[in-house]
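>>> The sequence and its predicted three-dimensional model are supplied below.
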Amino acid sequence: MIDDLEEKSEGIDVQYYVAIVRRRHLQFLIPVFLGWAVVWGASWIVPPRYQSTTLILVEHPTMPKDYVTPNVDDDVQDRLQSITQQILSRTRLLRIIDQLDLYADASRPSGDHKVDRMRKDIAIELVRDARNEITAFNVSYSSRDPHLAQKVTSELTNLFINENLEVRQQQSEGTTRFLESQLESARKTLSEQEDKIRQFKAQHPGELPAQVGSNLQILAGLQSQLQTEQDALNTAKQQRVYLESLVNQYRSMQDAPRSGGNTPVGLPAVNSELDRLRTQLADLGSHYTDRHPDVRKLKQQIADTEKMRDRILASLKAKDNAHTDPNNASASVESSDVRDPSSPMFQLQGQVQSNRVEIANRERGVSDLKARVLEYQSRLNQEPMREQQLSDLTRGYDQSKANYDDLLKKKNESAMATSMELLQQGERFRVIDPPSLPAKPDFPNRLKFCGIGLGFGLALGLAIAAAFEMIDDRIYEEKELQKLLPVTVLAEIPSVGAAADIKAERRRLWLGWATAAFVAATILVGSAFSYLRG
């Protein structure tokens, strides 16, 4: 039991593995060197590929959005993806291939094969910030010629920059043209609405809602004029009755003698008319000034009546002074009164005729005013219906006007944004790092191949050394013998070697160290060379 515990507690037998190293160092070192040499040599045989890279910054507009709002898509990723698809199209790539004579050594010289190879050689990597927004992107191209890789990368960089400007300008101009077409359509619609409203107003003059106040004022004025005209007509008719009575009285006065009081028969009527006119003048004077037409007209009537009264008195006096026969005198006076313009009878007949004309004019005026009153009343009656019709037309006009104003504002903003894009003041791509001229190949990475070869050699050496150790059936240690024999070893016979064997062993040891030094030095030199030459 104690022996078992001691055996378990021994752990790893270092001397055993050291003995294996001494026996199998050549079987280990030679495969290590060969495995490393094969992989490292292959890295120098494989055609190198150089990668040229440029960094393009996504530069935001220099003009603040509060002043000019861009009219293109703000999603950089979508636009960059669209631009990439356009640049990697067959037509664009074939033009670059023909221009720079790329893939001239291709086994399959077809255009599609060259385009596929070029697409594989192009790499685009996005650069994002902490907010996951694209701030820049790298464009790379791989080729066997570093100068050619730089030229192609420069060409791709120019395509990205120019294509972005062209795409933004086309989108901006397209947006502006679309808004202009929509604005023109809205303008035509608005013009049609204006024509409809204009025609409606022309077809219904005086019946519009905006004219209700003026129609009411005009109607009130017409009604007042109608009342005044009717009053004037009544006055003229009364004047006619009065004048006719004066004519009749004057005619009867020519044939009748004086009254007992030596007073003509017609004078009381004249005096009564004068009193009435003066009373009416006093009543109008309390409401109107002396310049009022009715006041002035009434004063003229009073003056005419007074003149008529004086003429009647003068005519009667002339009649009393005549010494002729009363019948002949009466006939001669009457005849002279009719023909003499200065006679009262002639003037009364003239006033009667003038009064008839005035009555006819007043009647026509009253008829015209009534017609106009009816017209304006009809307009007021039509106003609710016209208001509804005009409201329907105005509602469509207001909507068209609002749409037109909104499109006009957007069109002006879009035109400003288009001007900004044409001046290259919008979002654009700017080269931060110009296309590099690669000094070392991107593939193969010879230093990395050197490490891979060392690992492969170590694995190969271990495998071969282990294989030799497994197929060797010789016994080298006491423990191996104890495992084979069921009895206990009582004594050991020390090895007695000849001089030749000792020299051979030393020579073998030195050969092992020399081989290890050679392998290590060769690997170090190869790694250093790979690091320096790439």
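Thanks, I have it.
>>> I figured Leu88 hits Asp121, correct?
No - judged on CB atoms under 8 Å, Leu88 makes no contact with Asp121 at a distance of 11.2 Å. In this view, the C-beta of every residue, glycine as well, is placed from N, C-alpha and C.
>>> okay, and for the stretch 51-200 of the chain, where does confidence drop off?
Counting by pLDDT under 70, the stretch 51-200 of the chain contains low-confidence residues at 64-67, 71, 73-74, 106-109.
>>> Helices along that one, start to end?
Counting by DSSP state H, counting those that start in this stretch, residue ranges of the helices within the stretch 51-200 of the chain are 76-87, 90-100, 111-121, 146-203.
>>> Reformat those as JSON lines; add distance to Asp433 and mean neighbour count.
Shown next, in JSON lines, are the helices of the stretch 51-200 of the chain (distance: least, CB to CB, whole Å; neighbours: other CB atoms under 10 Å):
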{"stretch": "helix 76-87", "distance to Asp433": "18", "mean neighbour count": "16"}
{"stretch": "helix 90-100", "distance to Asp433": "21", "mean neighbour count": "15"}
{"stretch": "helix 111-121", "distance to Asp433": "19", "mean neighbour count": "15"}
{"stretch": "helix 146-203", "distance to Asp433": "10", "mean neighbour count": "17"}
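>>> how about those helices, which one is nearest Arg506?
Nearest of the helices of the stretch 51-200 of the chain to Arg506, taken as CB to CB: helix 146-203 at 53.4 Å.
>>> How far off centre is the helix or strand following that closest one?
Next along the chain after helix 146-203, taking DSSP states H and E as the criterion, comes helix 212-255. Relative to the chain's own centre, helix 212-255 is displaced by 72 Å; criterion: CA atoms, centre = their mean, to the nearest Å.
>>> Check which helices and strands helix 212-255 is in contact with.
Applying 3 or more CB pairs under 8 Å, 6 or more residues apart in numbering; DSSP states H and E, one finds that helix 212-255 contacts helix 267-285, helix 293-321, helix 326-339, helix 344-422.
>>> That helix versus helix 344-422: what angle between them?
170 degrees (axes from the mean of the first three to the mean of the last three CA atoms, to 10 degrees).
>>> tell me the mean pLDDT over helix 212-255?
Throughout helix 212-255, pLDDT has a mean value of 78.
>>> quick one, what contacts Gln225?
The contact partners of Gln225, taken as CB atoms under 8 Å, 6 or more residues apart in numbering, are Leu369.
>>> give the contact list for Ile523.
With the criterion set at CB under 8 Å, 6+ apart, Ile523 makes contact with Phe33, Trp36, Cys450, Leu454.
>>> Quick check: the farthest pair among the residues you listed?
Taking CB to CB as the measure, those have their most distant pair in Phe33 and Cys450, spaced 12.8 Å apart.
>>> show me where the stretch 1-150 of the chain has strands.
Ranges of strands in the stretch 1-150 of the chain, per DSSP state E, counting those that start in this stretch, are 50-59, 122-128, 134-143.
>>> could you redo those strands as CSV and give each row mean neighbour count and distance to Ala371?
CSV is the format used below for the strands of the stretch 1-150 of the chain (neighbours: other CB atoms under 10 Å; distance: least, CB to CB, whole Å):
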stretch, mean neighbour count, distance to Ala371
strand 50-59, 20, 80
strand 122-128, 14, 86
strand 134-143, 20, 82
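>>> Tell me which of those strands lies nearest to Arg508.
Minimum separation from Arg508 across the strands of the stretch 1-150 of the chain (CB to CB) falls at strand 50-59, 47.9 Å.
>>> Run me through the strand neighbours of the closest one, direction for each.
strand 134-143 (antiparallel), strand 428-433 (antiparallel) (DSSP bridges).
>>> Convert the C-alpha atoms of it to CSV, please.
Listed in CSV are the C-alpha atoms of strand 50-59, where the atom choice follows Å, rounded to 0.1, in the frame of the first residue of the first chain:
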residue,chain,number,x,y,z
TYR,A,50,-1.0,44.6,-52.1
GLN,A,51,-3.9,46.5,-50.7
SER,A,52,-4.3,50.2,-51.1
THR,A,53,-6.8,51.9,-48.7
THR,A,54,-8.3,55.3,-48.4
LEU,A,55,-10.5,56.9,-45.7
ILE,A,56,-13.5,59.0,-46.8
LEU,A,57,-15.2,61.3,-44.3
VAL,A,58,-19.0,61.8,-44.5
GLU,A,59,-19.1,65.6,-44.0
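>>> List the contacts of it.
76, 123, 127, 134-146, 149-150, 152-154, 157, 160-161, 427-438, 440-443.
>>> out of the contacts of Ile523, who has the most neighbours?
Per-residue neighbour counts (other CB atoms under 10 Å) across the contacts of Ile523 peak at Trp36, which has 27 neighbours.
>>> Ignoring the adjacent residues along the chain, who's closest to the most centrally placed residue in the chain?
For the chain, Lys410 is the residue whose C-alpha lies nearest the centre (CA atoms, centre = their mean; 4.2 Å). Leaving aside its chain neighbours, Lys410 sits nearest to Leu179 (5.5 Å; criterion: CB to CB, 6 or more residues apart in numbering).
>>> and if you look at Arg117?
Using CB to CB, 6+ apart, the closest residue to Arg117 is Tyr103 (5.8 Å).
>>> looking at it, the one you found is touching Val115, isn't it?
No - with contacts counted by CB under 8 Å, Tyr103 stays clear of Val115, the gap being 9.5 Å.
>>> shared neighbours of those two, anything?
Contacts common to Tyr103 and Val115, judged by CB under 8 Å, 6+ apart, are Ile97.
>>> Enumerate every residue touching Gly526.
Taking CB under 8 Å, 6+ apart as the contact definition, Gly526 lies against Trp36, Trp40, Cys450.
>>> Just give the closest residue to Asp294, not the sequence neighbours.
With CB to CB, 6+ apart, the residue lying closest to Asp294 is Leu284, at 5.8 Å.
>>> Hmm, the one you found is touching Pro293, no?
No - here Leu284 lies out of contact with Pro293, judged by CB under 8 Å, at a distance of 10.4 Å.
>>> I appreciate the help and will end here.
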